[in-house]
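Enquirer: after the sequence you'll find the predicted model.
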Amino acid sequence: MWWAAVTLSTVGYGNVTPITVAGRMIGVVIMILGIGLVAFPGGMLASRFSEELHHRREEYRRRVDLALQDGQLDNDELVSLKAAQREYMLTDQSANQIVSEESKRRTHVCQTCGKTVIS
């Protein structure tokens, strides 16, 4: 058990190790707490970055939705969306994907006549 705890926690074997069972148990608890001390804040930080990226994409999606109210993007709207893309620090690929998704979402084909209808 001691060998597994030392290996999994990447503490290493070292020159000084506990000899008694109680000492090894305390060592294992300290190793686990040490891992948790690093992993927990790292997970929280990663989660916050993910939430921020999601928020920025949703804000950009909202702006695209407003720009597409008339069914198309004119030059002023494209310039405004490009500025918003830089403001939200989105890649060209992400921004283009959002514009494409919103355009498709607003475009429907009439079941009766087959013409494209913009909602």
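Expert: On my side now, so go ahead. In this text, all values refer to a predicted model and were calculated from it rather than measured experimentally.

Enquirer: tell me how far Leu37 lies from Met31.
Expert: In this view, Leu37 and Met31 are 11 Å apart by CB to CB, to the nearest Å. From N, CA and C alone the C-beta is placed, and that goes for glycine too.

Enquirer: which one of these two has more residues nearby?
Expert: Met31 (16 against 10; other CB atoms under 10 Å).

Enquirer: surely the more buried one is in contact with Ala5?
Expert: Yes: applying CB atoms under 8 Å, one finds Met31 in contact with Ala5, separated by 5.7 Å.

Enquirer: quickly note the distance from the most centrally placed residue in the chain to Asp70.
Expert: In the chain, the C-alpha nearest the mean C-alpha coordinate belongs to Ser50, at 3.0 Å (CA atoms, centre = their mean). Distance of Ser50 to Asp70, computed by CB to CB: 34 Å.

Enquirer: tell me what the longest helix along the chain is packed against?
Expert: Scanning the chain for the longest helix, with DSSP state H as the assignment, gives helix 21-67. Helix 21-67 sits against helix 2-8, helix 75-87, helix 92-106, with contacts defined as 3 or more CB pairs under 8 Å, 6 or more residues apart in numbering; DSSP states H and E.

Enquirer: now it against helix 92-106, angle please.
Expert: 60 degrees (axes from the mean of the first three to the mean of the last three CA atoms, to 10 degrees).

Enquirer: angle of helix 21-67 against helix 75-87?
Expert: Using the same axes, to 10 degrees: helix 21-67 against helix 75-87 is 170 degrees.

Enquirer: pLDDT on helix 21-67, on average?
Expert: For helix 21-67, mean pLDDT is 90.

Enquirer: name the nearest residue to Val28, sequence neighbours excluded.
Expert: Ala5 (4.4 Å; CB to CB, 6 or more residues apart in numbering).

Enquirer: that neighbour contacts Val29, correct?
Expert: No: using CB under 8 Å as the test, Ala5 is too far from Val29 to be in contact (9.4 Å).

Enquirer: the two - which one has more neighbours?
Expert: Neighbour count, other CB under 10 Å: between Ala5 and Val29, Ala5 has more, with 17 against 11.

Enquirer: show me the contacts for the nearest residue to Ser103 once chain neighbours are set aside.
Expert: Distance criterion CB to CB, 6+ apart; nearest residue to Ser103, sequence neighbours excluded, is Leu68 at 6.5 Å. Neighbouring residues of Leu68 by CB atoms under 8 Å, 6 or more residues apart in numbering: 102-103, 106.

Enquirer: no further questions, thank you.
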